[in-house]
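J.: The sequence and its predicted three-dimensional model are supplied below.
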Amino acid sequence: MTRKIQAVKGTREFYPEQMYLRNYLYEKVRAASQAFGYQEWDAPFIESLELYAAKSGEELVKRQSFTFQDRGGEYVTLRPELTPSLARMIAARQNELIFPVRWWSFGPCWRYEQPQKGRTREFFQWNVDLLGVDTPEADAELIAVAAEFLRSVNLKPSQASIQVNDRRLMESEFNRLKLPASSRLGLSNLIDRRSKTEPDQWDNDVLELGVNQTQLSGLKELLEDFSMWEKSESLKRLFSALDSIGVSEYVSFNPSVVRGLLYYTGTVFEAFESGGSVRRSILGGGRYDRLLEDVGGKPLSAVGFAMGDVVVGIILQEAGLIPEFRASTASVLVTVYDQSSMTASLMAASELRKAGINTLVYNEPSKYPRQFKYADRMKIPIVVVLGPEEIMRRNVTIKALNSGEQVSCPAADMVEKIRSMLAEGN
RNA sequence: GAGCCUGUAGCUCAAUGGCAGAGCGCCACACUGUGGAUGUGGAUGGGGUGGGUUCGAAGCCCAUCAGGCUCCCCA
C-alpha cells in the first residue's frame, strides 16, 4: 500500500452525500434570491493581491489570505470574499448597468485561518447585494431575503433570528454620552464580543479606552435598551417594512450588534442560532455606502450580506433539517438475469429513459439477491425484472421496494405502469 | 501567531506499561428468479506519521501531521 496523501488542511471533500447538502443549499439560496428578483453573477476565483490591499485590512491580506506568486512573478490571491470583486465589476460598468442592481452569488472563497468547528479554509459563500437604493426599505429587503432563506430551510424564528442595529443610531448615542472619538473603534470591537467576555473584565476593558464611570454605565444602559430603535426614523421605517413583507418574526433589534467591519455605514445585521452548538453567526451584512468610491467608482449606495455554507450546514444537520439523501438519481433499476437477456434489459432501460424516467441497469449478470440489495441500498424505489419467463411471454415484472408490491404486465405497458407507481409515491 | 484536548477495524468507541477487543456496518450461508427482518458463520488493524525510553509501548517522552476547544481575527 502506498502512502496516503491527505486532503489539504481546512478543506472538505464532497462525497455524494455532502454534495447533496451543498446542492441543497445552492437550491435554497437561489430560490430566496430569485424570489426577490436578484440576478446570479460570479467573479474570478483568483484575483490580484492589489484588489484586497486597497481596501481590506493588513491582517487579512498578510495573515488570512492564500497569496502566492504566479510563474510570471505576479502576486495573486484566492479570493477571501466577494465584495471587492463586486465593487470593481460594478465600477467598471457603472455607466451601463441598470440600477438598482440586484445581484447574488454562491461560490468558493478561501481564508488561511485555523480550522475549527464552523470554520474551514475553503468554503462557499452566498452573497446578496442591492446597489443604488438608499432607503430603509432597501435594507429591509436584504434582511427579508435572508429571512426567507431561513424560512425555506425550515429554521423557525425560535431557532434562528436576525438581529439588527444601525451604526448611525449608535453614533448619535455615542455623541450623547460624549464618548471620546478616539475610543469608538475600540468600543465597537468590545461591544461586538461583550457576550463572550466576563462582565468585570469587560468593564475594565472599556475603562482602559479612556471612558469614565458615568459614560460606562450610560453605555451599559444603552446596550440593554431594546426599544432604542424607536429613536431612529430609519429603523422605524425598516421594521415597518419588514412587517409588511411578512418576515418580522425573524427579526429583532439588538443594540449589541455592531459588526467589526470598517466599511459599514448604516444598518448592520447578523443572524444567529438560538441555543445551538455553533457560537458563530450564520450570516451578516449591512449598508456600505462608501465602498464604491473607495475603489475608484462614483459614489453609490449599497447594502448586502454574506453567508458561509459551513455554519448553516452544521446547524441544519444538528437540527435534523436536511432532507433524506437519495443515494441514486435513478427511479428504476432494471435487473439482468444472464448474458442472453442483457439485450432485453438494456433496451427496456432505454425505453424508460426515453420516457423521462431515470433508469439504471445492473449491467453484469448477477444473482437477484445481489441486484435487489443494490437497489435497496441505493434507495432506488422500483426494480424491473426481465428474465427468461418475462421475455418468453413479452412481459415485465415490476416491484416497488417501499411497499413490496409486485406486478407483472405486458412489456408494452411498462412505462405507463411505472409512471403510475412513481406517481403513487413509490 | 499562542495555549489546551484528541487520533485504536469502514463508523462509534473500550482495554492498571504485559496475548488489541465490542457494538454497528460489511461479506457468506439458511433463501439455487427477489432487497429490508431473523439466525449462523466469516473477514478486516504495520494503533495518524517518524524517532526515543523500556525486558516489553496503543498507553510514557520528543517531533510532526490532522481534527476539536479557546485566544486572535472575522471580509
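T.: Looks like it came in fine. Remember, it's a predicted structure, so these values are computed and weren't measured experimentally.

J.: buried residues in stretch A:129-145?
T.: The neighbour-count check on stretch A:129-145 (16 or more other Cβ atoms under 10 Å) flags A:129-134, A:136-145 as buried. C-beta coordinates here come from the backbone N, C-alpha and C atoms, glycine included.

J.: just stretch A:353-373 next, same as before
T.: For stretch A:353-373, the neighbour count (16+ other Cβ under 10 Å) marks A:357, A:359-362, A:371-372 as buried.

J.: Output the residues you listed in JSON lines, with secondary structure, distance to residue A:117 and pLDDT appended to each entry.
T.: Below are these laid out as JSON lines (DSSP: H, G, I helix; E, B strand; the rest coil; distance: Cβ to Cβ, whole Å; pLDDT from 0 to 100):
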{"residue": "A:357", "secondary structure": "coil", "distance to residue A:117": "42", "pLDDT": "97"}
{"residue": "A:359", "secondary structure": "strand", "distance to residue A:117": "41", "pLDDT": "96"}
{"residue": "A:360", "secondary structure": "strand", "distance to residue A:117": "37", "pLDDT": "94"}
{"residue": "A:361", "secondary structure": "strand", "distance to residue A:117": "43", "pLDDT": "94"}
{"residue": "A:362", "secondary structure": "coil", "distance to residue A:117": "41", "pLDDT": "90"}
{"residue": "A:371", "secondary structure": "helix", "distance to residue A:117": "41", "pLDDT": "92"}
{"residue": "A:372", "secondary structure": "helix", "distance to residue A:117": "40", "pLDDT": "93"}
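
J.: give me the subset of these touching RNA strand B.
T.: residue A:372 (Cβ under 7 Å from any atom of the strand).

J.: out of the buried residues of stretch A:353-373, which one sits closest to RNA strand B?
T.: Of all the buried residues of stretch A:353-373, residue A:372 has the smallest distance to RNA strand B: 3.0 Å, by Cβ to the nearest atom of the strand.

J.: and residue A:425, how many residues sit next to it?
T.: By the measure other Cβ atoms under 10 Å, the count of residues near residue A:425 is 9.

J.: And for residue A:347?
T.: A count of nearby residues for residue A:347, using other Cβ under 10 Å, gives 14.

J.: Check residue A:412 too.
T.: The tally of other residues near residue A:412 (other Cβ under 10 Å) stands at 11.

J.: before we move on, back to that, give me the subset of the buried residues of stretch A:129-145 that lies in strands.
T.: Among the buried residues of stretch A:129-145, the members falling in strands (DSSP state E) are A:129-131.

J.: Between the buried residues of stretch A:129-145, which sits nearest RNA strand B?
T.: After measuring the buried residues of stretch A:129-145 against RNA strand B - Cβ to the nearest atom of the strand - the closest member comes out as residue A:129, at 11.5 Å.

J.: bridging residues for that closest one?
T.: Judged by DSSP bridges, the bridge partners of residue A:129 are residue A:103, residue A:304.

J.: Check it and give its pLDDT.
T.: What the model reports as pLDDT for residue A:129 is 96.

J.: wait, isn't it in contact with residue A:300?
T.: No - the pair residue A:129 and residue A:300 fails to qualify as a contact (Cβ atoms under 8 Å) at a distance of 10.8 Å.

J.: which of the buried residues of stretch A:129-145 come close to RNA strand B?
T.: By Cβ under 7 Å from any atom of the strand, no member of the buried residues of stretch A:129-145 lies near RNA strand B.

J.: still on that earlier bit, just put the buried residues of stretch A:353-373 in a markdown table and tack on distance to residue A:251.
T.: Shown next, in a markdown table, are the buried residues of stretch A:353-373 (distance: Cβ to Cβ, whole Å):
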| residue | distance to residue A:251 |
| --- | --- |
| A:357 | 44 |
| A:359 | 47 |
| A:360 | 46 |
| A:361 | 52 |
| A:362 | 52 |
| A:371 | 53 |
| A:372 | 51 |
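
J.: out of the buried residues of stretch A:353-373, which one sits closest to residue A:156?
T.: Of all those, residue A:156 sits closest to residue A:357, with 36.5 Å by Cβ to Cβ.

J.: Please tell me I have it right and the closest one contacts residue A:331.
T.: Yes - if you go by Cβ under 8 Å, residue A:357 and residue A:331 touch, sitting 5.5 Å apart.

J.: what sits in contact with each of these two?
T.: Common neighbours of residue A:357 and residue A:331, counting by Cβ atoms under 8 Å, 6 or more residues apart in numbering, are A:418, A:422.

J.: Report the separation between the two terminal residues of stretch A:185-203.
T.: 16 Å (Cα to Cα, to the nearest Å).

J.: Mind listing residues that contact that stretch?
T.: With contacts defined as Cβ under 8 Å, 6+ apart, stretch A:185-203 is touched by A:170, A:174, A:179, A:205-206, A:209, A:211, A:216, A:219, A:223, A:256, A:258-260, A:279.

J.: cutoff 7 Å now
T.: By Cβ atoms under 7 Å, 6 or more residues apart in numbering, the list of residues contacting stretch A:185-203 from outside reads A:179, A:205-206, A:209, A:216, A:223, A:256, A:258-260.
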